[in-house]
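Visitor: From the sequence below, what's the structure:
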Amino acid sequence: MFAQTRRSEARRPREDDGEGVTPAPPVGRLRSLFRVRSVAGQVFLLQVVVVLLITVAALVALVVQARDESAAVVRQRSMDVAETLAYDPGTLKAMTGPHPTAVLQPVAEKIMKGTDVDLVVVFSKDGVRYTHPDPAFIGKPVLGPRTPPRSAVTRTLETTQGRAVVSYVPVTGADGTAVGTVAVGITVERVTGMAARQLPLLLGAGAGVLVL
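Guide: Next up is the predicted model:
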């Protein structure tokens, strides 16, 4: 009898006495908690990737837009300067006078300094230069179109100053006959620089969006 009681007590599991022993949580709860955290992490990572892609796409679009706007500003500036010089009565008088270069070269240099353009070339109806940023090219034929255009036009082409956006405006006499052309150019490098100056602001905005 006594032996059976001892064997029963031996088989009975010992109860926790509350000293230093912490019951282990159910295995099912741990698995469930791990699974929830894993899904939440995946969703968060997916959100970060989506936001990153949207931010990059927006930055690319803004950079392209900034470049296009800079190019439009350059085209308008070169055209405004070219028309102002071509329609000036003094330009016609100088081009039909005995010393066109002596009169027009100082004017062209002053315009380049005051309007931030890279090229002001006045040339005859045969394409011979009266003015140029480099005096060594004066008296030589232009690289682009030589005959005066029928109306004001803007082209992007290679020049002695590099690839540039150039506006051509004919200089016409009282009878409407063209006596030459005014060409005003701004280099593509300058256009790129104008767009690049907006990059820090665009990148800062993109980084702020990503952080948020």
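Visitor: drop to CA atoms for contacts and neighbour counts, all remaining ones
Guide: Fine.
Visitor: Below-threshold pLDDT in this protein: ranges please.
Guide: The model of the chain has pLDDT under 70 over residues 1-37, 55, 58-70, 192-210, 212.
Visitor: moving C-terminal of the helix or strand where Q47 lies, what's the next helix or strand?
Guide: For Q47, the host element (DSSP states H and E) is helix 27-86. Toward the C-terminal end, the helix or strand that comes next after helix 27-86 (DSSP H and E) is helix 89-95.
Visitor: which strands and helices sit next to that following helix?
Guide: Secondary-structure packing of helix 89-95 (3 or more CA pairs under 8 Å, 6 or more residues apart in numbering; DSSP states H and E): helix 100-115, strand 162-172, strand 178-187.
Visitor: Now mean neighbour count and distance to R129 too, for these, in a markdown table please.
Guide: Formatted as a markdown table, those follow (neighbours: other CA atoms under 10 Å; distance: least, CA to CA, whole Å):
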| stretch | mean neighbour count | distance to R129 |
| --- | --- | --- |
| helix 100-115 | 16 | 9 |
| strand 162-172 | 24 | 13 |
| strand 178-187 | 26 | 9 |
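Visitor: looking at the ones you listed, which is closest to Y87?
Guide: For the helices and strands packed on helix 89-95, the distance to Y87 is smallest for strand 162-172, at 6.8 Å, taking CA to CA.
Visitor: Take that closest one, keep the C-alpha atoms, and write them as CSV.
Guide: Taking C-alpha atoms only, strand 162-172 is exported to CSV below (Å, rounded to 0.1, in the frame of the first residue of the first chain):
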residue,chain,number,x,y,z
GLY,A,162,29.9,74.3,-79.8
ARG,A,163,26.4,73.0,-80.1
ALA,A,164,24.0,75.8,-79.6
VAL,A,165,20.4,77.0,-79.9
VAL,A,166,20.6,79.8,-82.5
SER,A,167,17.9,82.2,-83.6
TYR,A,168,18.2,83.7,-87.1
VAL,A,169,16.4,86.9,-88.1
PRO,A,170,16.8,88.6,-91.5
VAL,A,171,17.8,92.2,-91.8
THR,A,172,15.7,93.8,-94.5
